[in-house]
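Student: Pasting the sequence and the predicted model now:
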Amino acid sequence: MNKRPLSRRASRIHPSATLKIDAKFKRMLSEGIDVVGFAAGEPDFDTPEYIKSAACKAIKEGKTKYTPASGIYDLKVAVCNKLKKDNNLTYEPSQIIISSGAKQSLYNSLSVLLNPGDEVILPGPFWVSYYELIQMAGGYPVILEGREEDDFQITKKQIEDALSEKTKAIIITNPNNPTGMMISNEFLKVIADICVKNGIYVISDEIYEKLIYDGKEHMSIAALGEDIKDLTIVVNGVSKTYAMTGWRIGYTASNHEIAALMSNYQSHSTSNPNTIAQYAALAALSADDGSAERMKKEFEKRRNYMVDRINTLPYVHCRKPMGAFYVMMNVSKLFPKKYKGRVIDSATSLCEILLDNFKLSLVPCESFGAGDYVRWSYATSMENIVKGLDRLEAFLGEVED
Ligand code: PMP
Ligand code: GLU
């Protein structure tokens, strides 16, 4: 049978590297293999009790039906209150769209901004899904490379040189996944000025906003003035701050026009995000039992241990990340060394050797636009972190020229 070809756009999309590696790790664990995993950025803590209770209460009260496609009004109000309190941003509930995770918020954002062939500036290293989501929405990612010696930050000149008639938006992630680095307030202002001057939209991914260490503070680019606020789609969610990755609740705040398009889009693609999870997210945002702060303190301890230990090892090094829960380790000195005759010539080949021989699961960063690096997530117990670094050290002791 001569079947008609499937969608060219869909055929270009790669599976999520992080989710693929995480699935393999979880499968190995379920087979009883003593594998230690640092792949998915998923807090190891349980969702706080007060949030789980709110979900149980919602079920008991029969809140189990469709809600408005863009989410329940009370949750939108809670998001507005959060944005006012934490980010000094004033929005109306009608400007908030609640979605099935920040990933859907990002997909909605790109879908309503882009026409076929539009370009999106993507500072690298970048989180793997942006690259694919831009293409899924019909756009082209224009990658700008941040250098390690600049804490992986791009420059004004790089942005200006990348601008074209087709530039529609820039994606910024603060703090960043995978580098953990932050954009300075001064540079946020530079980005804002360029965007306002050229009418370019900003997708500001602030999902790691509450995971910032050493007393540093987060600022949203949208808080820099009315013009840039009008051009910005703030993306956030409850997955990371409240250890709620499986509940799938994210949200956007944007101007009314964009919010209306996203609401229409979502009403046909998925309808409302899970009703019970919306009530859980409402509890998460409306109260504070101190667990988010406790998790942050624990992440900070783990980061310090991991960074210090990596920088005592041969062949590898890393910068100290300022936020999120990732460490990007430079492994370029291992190329092209050998392990038991097997050549290490890329981050992917290194991760394969580590998984096959040392049962250590890390993410190679080629698909994050950073082929000289592998990513560790320290959203796992200290015991696992010690074990994982012991395994890395054992491997490095056996590397040959
Ligand atoms: N943005 C970034 C930078 C992320 O690392 C993640 C992790 N999944 C997301 C968005 C999506 O989060 P969610 O689980 O809410 O879809
Ligand atoms: N954002 C997390 C990560 O980078 C979770 C996995 C995913 O959604 O890609 O590992």
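Tutor: Now that the structure is in, tell me what you want to look at. Numbers count the residues shown, from 1 in each chain. Ligands and ions are numbered 1, 2, ... in the order given.
Student: Torsion angles phi and psi at residue 260?
Tutor: Backbone torsions for residue 260, taken as degrees, to the nearest 10, come to phi -70, psi -40.
Student: Please name the spatially closest residue to the closest residue to ligand 1 within the stretch 251-400 of the chain (chain neighbours excluded).
Tutor: For the stretch 251-400 of the chain and ligand 1, the shortest gap (C-beta to the nearest ligand atom) falls at residue 324, measuring 7.4 Å. For glycine as for every other residue, the C-beta is placed from the backbone atoms N, C-alpha and C. Residue nearest to residue 324 in three dimensions, not counting chain neighbours: residue 208, with 4.1 Å by C-beta to C-beta, 6 or more residues apart in numbering.
Student: I'd say that neighbour and residue 179 touch.
Tutor: No. In this structure residue 208 lies outside contact range of residue 179 using C-beta atoms under 8 Å: 11.1 Å.
Student: circling back: my read: the residue of the stretch 251-400 of the chain closest to ligand 1 touches residue 174, true?
Tutor: No. Using C-beta under 8 Å, residue 324 is not in contact with residue 174; the gap is 9.5 Å.
Student: still on that earlier bit, could you tell me how many residues sit around the residue of the stretch 251-400 of the chain closest to ligand 1?
Tutor: 30 (other C-beta atoms under 10 Å).
Student: do the same with residue 397
Tutor: There are 9 residues near residue 397, going by other C-beta under 10 Å.
Student: repeat for residue 148
Tutor: Neighbours of residue 148 (other C-beta under 10 Å): 18.
Student: Ok, the one 5 residues further on next?
Tutor: In terms of burial, residue 153 registers 16 neighbours under the definition other C-beta under 10 Å.
Student: Give me the next element, helix or strand, following the helix or strand of the chain with the lowest mean pLDDT.
Tutor: For the chain, using mean pLDDT, DSSP states H and E, the weakest element among its helices and strands is helix 17-30, scoring a mean of 86. Downstream of helix 17-30, the first helix or strand assigned by DSSP states H and E is strand 36-37.
Student: neighbouring strands for that next one, and are they parallel or not?
Tutor: strand 360-361 (parallel) (DSSP bridges).
Student: and residue 47, which of the three is it?
Tutor: coil (DSSP: H, G, I helix; E, B strand; the rest coil).
Student: before we move on, back to that, who are the contact partners of the residue of the stretch 251-400 of the chain closest to ligand 1?
Tutor: 41, 175, 176, 177, 180, 208, 211, 240 (C-beta atoms under 8 Å, 6 or more residues apart in numbering).
Student: Same check on residue 387?
Tutor: Residue 387 touches residue 36, counting by C-beta under 8 Å, 6+ apart.
Student: That one: which element?
Tutor: Here residue 387 is assigned to helix 382-397, by DSSP H and E.
Student: Ok, residue 169 next?
Tutor: Short version, using DSSP H and E: residue 169 is in strand 167-173.
Student: buried sites along that strand?
Tutor: 167, 168, 169, 170, 171, 172, 173 (16 or more other C-beta atoms under 10 Å).
Student: how about JSON lines for these, with pLDDT and distance to ligand 2 added?
Tutor: JSON lines is the format used below for the buried residues of strand 167-173 (pLDDT from 0 to 100; distance: C-beta to the nearest ligand atom, whole Å):
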{"residue": "167", "pLDDT": "98", "distance to ligand 2": "26"}
{"residue": "168", "pLDDT": "98", "distance to ligand 2": "24"}
{"residue": "169", "pLDDT": "98", "distance to ligand 2": "20"}
{"residue": "170", "pLDDT": "98", "distance to ligand 2": "20"}
{"residue": "171", "pLDDT": "98", "distance to ligand 2": "14"}
{"residue": "172", "pLDDT": "98", "distance to ligand 2": "16"}
{"residue": "173", "pLDDT": "98", "distance to ligand 2": "10"}
